[in-house]
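1. Let's see this in three dimensions:
(2 chains)
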Amino acid sequence: MKNLEELKKIRERVRKDLELRTGKHRIKIVVCLGTCGIAAGARETMNTLIDLIAKNDTSDTIVTTAGCAGFCEQEPMIQLYIEDKEPVVYGKVDAKAAKEIFEKHVLKGEIVEKYLFSKGK
Amino acid sequence: MRDLADHLFDVLENSVKAGATEVKIILGIKDKLFFCKIVDNGSGIKDEDVTDPFVTSRKTRKVGLGLPLLKRAAESTGGFLKIYNSEKGGIILEFEMDMTHIDAKPFGDIARTFVDAIYSWPDVDFEIFTNIENNKKFPILNSRKIKNIVNQYEMQQKEIRDFIYQSIDQELRKIGIDNQFGIL
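-> Now for the predicted structure:
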């Protein structure tokens, strides 16, 4: 990759923009990316979430990944960790479901029963 | 798995799970044959046939489908897949597919696979090469160099993701990998 200089320039621009609004990460979304998740389209789920975070300016939210959780038939699965709240696991989260969960749960704190797999640890 | 991009992401996940910290990927096309070689420094494989679906390192269930599926996808086009331990430890995975074969899966978005991999496993260094004539490797991406510049949170930003995506995609197109239809 020859244009690292260009990447640096973009980073400077993005960083300045981020400094204005970044706090610490309060919300973590974990996308399961085992063979089962990948085959079920979990990468699309992950990219949808990342795009939504950027679009909504929710700079306290970060997306990370994990492997197979052992409930392959429920894939794509996501785990949602919100500070001071019990973790919530959602199943069968395609791009559309990801959008709904993001809008309701991440932004407003309402659990979306439709895709709920489990609550707590 | 819908396309090759999914399969590729899956084998990269295998490397990560095997504890690899460095993964080299070489992609090329020769006479309509797509070939891919992956070299990692993970824990390698034991003496078992990992392309058998009933062999897996996972603890949550007793079958592993990633490699058997890819092997089948490769073989159904008249290609092959082999995996073996390298002398330095870690594995070497090679597969070849005839992309003009009627049973060949489309490439899918290979550049997206790499962006997703770099994002998903920030502690692993991915080096990607395209292979042109005379087995010369042409480096198209080194994720460590990117991570020296942008942090994980900045990687979430569209502008940066798009930039990395485009610089990979551009190079893949040069060797004829088109994300929708297979070989151009």
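2. C-alpha only now, for contacts and for neighbours.
-> OK.
3. Could you name the helices and strands sitting against the longest helix along chain B?
-> Counting by DSSP state H, the longest helix found in chain B is helix B:158-174. Packing contacts for helix B:158-174, counted by 3 or more CA pairs under 8 Å, 6 or more residues apart in numbering or on different chains; DSSP states H and E, involve helix A:4-19, helix B:110-120, strand B:137-142.
4. Next, the angle helix B:158-174 makes with the first one.
-> Same thing as helix A:4-19. On the basis of axes from the mean of the first three to the mean of the last three CA atoms, to 10 degrees, helix A:4-19 is oriented at 160 degrees to helix B:158-174.
5. cool, the second one as well?
-> Comparing the axes of helix B:110-120 and helix B:158-174 via the same axes, to 10 degrees yields an angle of 140 degrees.
6. So is helix B:110-120 next to chain A?
-> Yes: using CA under 8 Å from any CA of the partner chain, we find that helix B:110-120 touches chain A at B:116, B:120.
7. That helix - contacts with which helices or strands?
-> Checking 3+ CA pairs under 8 Å, 6+ apart, helix B:110-120 ends up next to helix B:4-17, helix B:158-174.
8. what does the first one contact?
-> Residues external to helix B:4-17 that are found in contact with it (CA atoms under 8 Å, 6 or more residues apart in numbering or on different chains): A:33-35, A:38-39, B:1, B:23, B:40, B:42, B:66-67, B:70, B:105-110, B:112-114, B:117, B:121, B:124.
9. So which of those residues sit within strands?
-> B:23, B:40 (DSSP state E).
10. from the contacts of helix B:4-17, which would you call buried?
-> By neighbour count, with 16 or more other CA atoms under 10 Å in any protein chain shown, these hold A:33-35, A:38-39, B:1, B:23, B:40, B:42, B:66-67, B:70, B:105-110, B:112-114, B:117, B:121, B:124 as buried.
11. What pairs with the helix or strand hosting B:Phe34, parallel or antiparallel?
-> Per DSSP states H and E: B:Phe34 is located in strand B:33-40. Neighbouring strands of strand B:33-40 in its sheet, by DSSP bridges, are strand B:22-30 (antiparallel), strand B:91-98 (antiparallel).
12. If you compare the directions of it and helix B:4-17, what angle comes out?
-> Using the same axes, to 10 degrees: strand B:33-40 against helix B:4-17 is 20 degrees.
13. Now B:Ile92: closest residue in space, sequence neighbours ignored.
-> Once flanking residues are discounted, B:Ile92 sits nearest to B:Val39: 4.6 Å by CA to CA, 6 or more residues apart in numbering or on different chains.
14. Isn't that neighbour up against B:Ile25?
-> Yes: here B:Val39 reaches B:Ile25: they are 6.6 Å apart, a contact under CA atoms under 8 Å.
15. coming back round to it: out of the strands paired with strand B:33-40, deepest packed?
-> strand B:91-98 (a mean of 21; mean count of other CA atoms under 10 Å in any protein chain shown).
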